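Asker: here are the coordinates; sequence isn't available:
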C-alpha cells in the first residue's frame with residue numbers, strides 16, 4: 001500500500017479506535033448521500049456535509065473533561081482536543097452558515113471560549129475559565145490582584161455572562177447600607193448595564209449564542225444591528241469622556257475597582273468614531289490579551305463585528321499579529337504559529353494550502369486528515385482541487401490519505417473490518433487493496449465469527465475471488481484441525497468441488513473397505529461409520545442435484561453420447577453420494593430394528609424396506625455411486641433383493657441388471673472392468689480414484705480385506721433375477737386387483 005510522507009502516523013490508540021467506531025456509520029451515510037445526489041444538487045450536498053461535520057465534531061469532543069478543571073490526563077485525549085478544535089475552526093470557515101451570513105465574529109468568539117485551552121502554555125488547560133471559576137468561590141474577591149484583569153479579558157473575548165457574574169460578586173453589593181459601598185455599586189452598575197444591553201449580531205439559539213450566553217441584545221437584522229450598535233457606541237463614548245466624574249466616588253474607596261471599570265470602558269471604545277479613543281482601546285486590548293488570538297477576537301467583537309473573513313481577515317491578522325507579538329504570555333507558541341498559517345489559508349479558502357498544513361502538522365493525525373476532506377468540500381472549487389491526481393501515486397489526494405488511514409485500521413484486530421468501509425469508496429485502488437486484505441489478513445482464521453463478517457463483506461462488495469480465497473484458507477485450517485465438516489463447509493463456500501473431493505476421499509475409501517468386508521455376509525446390517533454420522537448436518541443441506549434424466553438435455557448439448565461428460569457437471573458428486581449412502585444406512589437400521597422385534601407388524605417392516613428404495617435408486621440408477629463401489633453395493637444389498645418385502649419395481653430391477661451387464665459384451669466385460677478396478681463409461685461417472693482404490697482386488701497381504709471374484713457378479717445377477725420375478729408377480733397382482 002502506498003505510504004504518505006509528512007503526515008502524523010502512529011498506531012491507533014484506544015481513544016482513536018473509539019472515534020473510528022463512532023465515525024464510520026456517518027462516513028458511510030455521507031458517501032451514499034453524495035453518490036445519490038450527484039454533482040449538480042449543490043445545496044443538498046452542502047447540507048449533507050454540514051450534518052456529517054457536526055456529527056464528527058461531537059464525536060471528537062465526546063468524553064472530553066472540562067478544560068477549566070485542568071489539562072487532559074493523557075496525550076491521546078489532548079490530541080483529540082486539538083483535532084476537535086481544528087475541525088470546528090475549519091468548519092467555521094468552509095461550511096458554517098454563520099460565517100457566510102456575517103456572524104463570523106460571534107462564531108469565532110464562541111470557538112475561542114470552547115477551545116481557548118489549546119492556546120495555553122499548559123496545553124488543553126483553559127486558564128481563563130479556570131481563573132473565573134476560582135474567583136467565583138473566592139472569599140475576598142476584592143483583594144485578589146487578578147480579579148479586574150480577568151474580568152477585562154472576559155469582556156474582551158465576549159464572555160459577557162461570566163464577566164457580569166464576577167461583577168455582581170463584588171463585595172459592594174453585600175453592603176448597600178454603607179454609603180461608600182452604594183457609591184461603588186452605582187459605578188459598577190453603569191458598566192454592568194452597558195454589557196447587559198450591548199447589541200450583538202447573532203442569531204438567538206445559535207451555537208455561538210449558546211456558548212457565549214444571552215447577555216446583550218441579540219439580533220440577526222444587519223440594519224437594525226448597525227443602528228443599535230451606533231447608539232450604544234455613542235453612549236460608551238460619553239461615559240468614557242466623563243469617566244473621571246463617573247468613577248470619582250469609587251476611586252476614593254477602591255482605586256483598583258476604578259481602574260478596572262475604566263479599563264472595561266476603554267475596551268468597549270474599540271469601535272468608536274473617535275480615532276484617538278479607538279487607538280487607545282486597541283493598545284489597551286493588546287496589553288490585556290495574552291495572545292494574538294484573544295486580541296483578534298476582541299477587535300472582531302467590538303470593532304469589525306460584521307467582517308467577512310474571506311475579504312478582510314488576512315489583512316487584519318497581519319496588523320494584529322504585528323502589534324501583539326511582544327505582549328504574548330502564558331501561551332503555546334508552537335500552536336499559535338500553526339494557527340498563524342492556518343487561519344489566513346482557511347479564511348481565503350485555499351484548499352490545497354489547508355491540506356498541506358494539516359498533513360505536515362503534529363496536531364493532525366492521519367485519521368483527522370482522511371476525514372477533513374469532507375469539510376473542505378464545502379468550498380465550491382474544492383472537488384476539482386481534491387480530485388487532482390497526485391504525481392507518482394496515480395490517485396487523488398483524498399483517496400491517497402483514505403488508503404493510508406485504512407492501513408492503520410488494518411493493524412488492529414478490532415478495527416480491520418472497518419477499513420473496508422473506506423476502501424469501498426476508493427475508486428482506483430480500493431477493490432484491489434480490499435481483496436488483498438481479505439485474502440491475507442490473519443484475523444479470520446483465528447475467529448470464525450470474524451471470518452463470517454469478512455466473507456459477508458467480500459460478497460457485499462462483489463469480491464468473489466477474495467471470498468473464495470478466504471474460504472479456502474479457513475477450509476484448510478479446519479482440515480488441519482481434523483474438523484472435516486467445517487472444512488467441507490468452507491470449501492463449498494469457495495465453490496471448489498475438487499478440494500471437497502480430496503477431503504472426503506479417505507471417507508470414501510473407508511466406505512469401500514467396509515462394503516468389501518461385508519462381501520459374503522448376506523445379512524441386513526448398517527455399517528458403523530462415525531465420521532459419516534458427524535457429517536449429517538452438512539449433508540442434509542446440500543443443494544439439489546439433477547438426475548440423469550434431467551441431464552439428458554445437457555448431454556445432448558455437449559455432443560457426447562456418453563453420460564460421463566454430463567455427470568461430470570454435477571458438482572459435489574462425492575457429497576451427494578455420502579448423503580444417499582447415509583440415508584441407505586438409516587433405512588437399513590430401521591429394517592434391522594423391525595426384524596429384531598418379535599411380533600412386529602408386517603406393514604411396518606414393509607414400510608421400512610420401502611424406505612430403502614430411494615437411496616438405492618439415487619446411488620445406482622442415478623449414478624451417484626462411483627464405479628468401484630457399484631458391485632460391492634449390489635452385493636451389500638442382496639439381502640434386500642431377496643426379501644419378501646423387496647421394494648423395487650420391474651423398471652428398477654432392469655436398471656440394476658443393465659448396470660452389471662453392458663449391452664455389447666454382457667456380464668464378463670462388465671465384471672472384468674469392475675474387478676480390475678477400471679472405469680467403463682457405461683458404469684457411471686468417471687471419478688478420480690479414491691484412496692485405497694485397489695482394495696477391491698488386493699490380496700490378503702495387500703489390503704487386509706476380502707477379494708471380489710467373478711462368482712460374486714453371478715450372485716448379484718441371480719439375486720436380481722429373483723428380484724425381477726417378485727417384482728413382476730407383485731405388479732401383476734396389483735393390476736389384477738385394480739381391474
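Answerer: Everything's here; your move. The structure displayed is predicted, hence computed values, not measured ones.
Asker: please, where are all the helices along the stretch 301-450 of the chain?
Answerer: 309-324, 333-347, 351-359, 366-376, 382-386, 397-410, 419-423, 430-440, 443-446, 448-460 (DSSP state H, counting those that start in this stretch).
Asker: please identify which of those helices is closest to residue 488.
Answerer: helix 448-460 (14.3 Å; Cβ to Cβ). C-beta: built from backbone N, CA, C; applies to glycine.
Asker: how much does that closest one deviate in direction from helix 430-440?
Answerer: 150 degrees (axes from the mean of the first three to the mean of the last three Cα atoms, to 10 degrees).
Asker: show me what counts as buried in helix 448-460.
Answerer: Neighbour counts over helix 448-460 (16 or more other Cβ atoms under 10 Å) mark 450-451, 454-455, 457-458 as buried.
Asker: with stretch 37-45 instead?
Answerer: Those would be 37, 45, for stretch 37-45 by 16+ other Cβ under 10 Å.
Asker: ends of it, how far apart?
Answerer: This stretch, stretch 37-45, spans 7 Å end to end (Cα to Cα, to the nearest Å).
Asker: show me the contact partners of it.
Answerer: With contact meaning Cβ atoms under 8 Å, 6 or more residues apart in numbering, stretch 37-45 is reached by 33-34, 48, 377, 380, 383.
Asker: at 10 Å instead, please
Answerer: Stretch 37-45 is contacted by residues 30, 33-34, 36, 46-48, 377-378, 380, 383 when judged by Cβ atoms under 10 Å, 6 or more residues apart in numbering.
Asker: tell me the one among the buried residues of helix 448-460 nearest to residue 494.
Answerer: Closest approach between these and residue 494, by Cβ to Cβ: residue 455, at 9.9 Å.
Asker: residue contacts, the closest one?
Answerer: 438, 444, 448, 463, 466-468, 470-471, 474, 490, 493-494.
Asker: how about the strands of the chain, start to end?
Answerer: 199-201, 217-219 (DSSP state E).
Asker: about what we covered before: max pairwise distance over the contacts of residue 455: which two?
Answerer: 448 and 463 (19.0 Å).
Asker: verify the stated contact: residue 239 with residue 277.
Answerer: No: assessed by Cβ atoms under 10 Å, residue 239 is found out of contact with residue 277, at 11.2 Å.
Asker: hmm, back to that, and the helices of the stretch 301-450 of the chain, which one is worst for confidence?
Answerer: Mean pLDDT is lowest for helix 443-446 among these, at a mean of 56.
Asker: and the contacts of stretch 37-45 as TSV, adding neighbour count and distance to residue 292?
Answerer: Shown next, in TSV, are the contacts of stretch 37-45 (neighbours: other Cβ atoms under 10 Å; distance: Cβ to Cβ, whole Å):
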residue	neighbour count	distance to residue 292
30	22	35
33	16	39
34	20	37
36	10	44
46	16	31
47	13	34
48	21	35
377	24	30
378	21	26
380	10	30
383	18	33
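Asker: show me which residues of stretch 574-592 are buried.
Answerer: By 16+ other Cβ under 10 Å, the buried positions in stretch 574-592 come out as 574-588, 590-591.
Asker: stretch 271-284 now?
Answerer: Quick answer for stretch 271-284 (16+ other Cβ under 10 Å): 271-272, 277-278, 280-282, 284.
Asker: now, which of those residues lie within helices?
Answerer: 277-278, 280-282, 284 (DSSP state H).
Asker: ok, so of those, who is nearest residue 633?
Answerer: Distance to residue 633 across these (Cβ to Cβ) is lowest for residue 282, with 103.8 Å.
Asker: need the contact list for the closest one.
Answerer: 266-267, 269-270, 295, 298-299, 302-303, 319-320, 323.
Asker: farthest pair within those?
Answerer: Farthest pair in the contacts of residue 282, by Cβ to Cβ: 266 and 319, 19.0 Å.
Asker: the more surrounded of these two?
Answerer: When residue 266 and residue 319 are compared on other Cβ atoms under 10 Å, the one with more neighbours turns out to be residue 266, at 21 against 12.
Asker: from residue 103, how far off is that one?
Answerer: 26 Å (Cβ to Cβ, to the nearest Å).
Asker: ok, now residue 200?
Answerer: Counting by Cβ to Cβ, the gap from residue 200 to residue 103 is 10 Å.
Asker: residue 736 now?
Answerer: Distance of residue 736 to residue 103, given as Cβ to Cβ: 102 Å.
Asker: what's the local residue count around residue 493?
Answerer: Neighbour tally, residue 493, other Cβ under 10 Å: 18.
Asker: do you know how far it is from residue 629?
Answerer: Taking Cβ to Cβ as the measure, residue 493 and residue 629 are separated by 28 Å.
Asker: pull out the buried positions in stretch 140-154.
Answerer: 141, 144, 147-154.
Asker: actually stretch 360-368, not the one I typed
Answerer: Those would be 361, 363-368, for stretch 360-368 by 16+ other Cβ under 10 Å.
Asker: how about stretch 389-401?
Answerer: Those would be 395-401, for stretch 389-401 by 16+ other Cβ under 10 Å.
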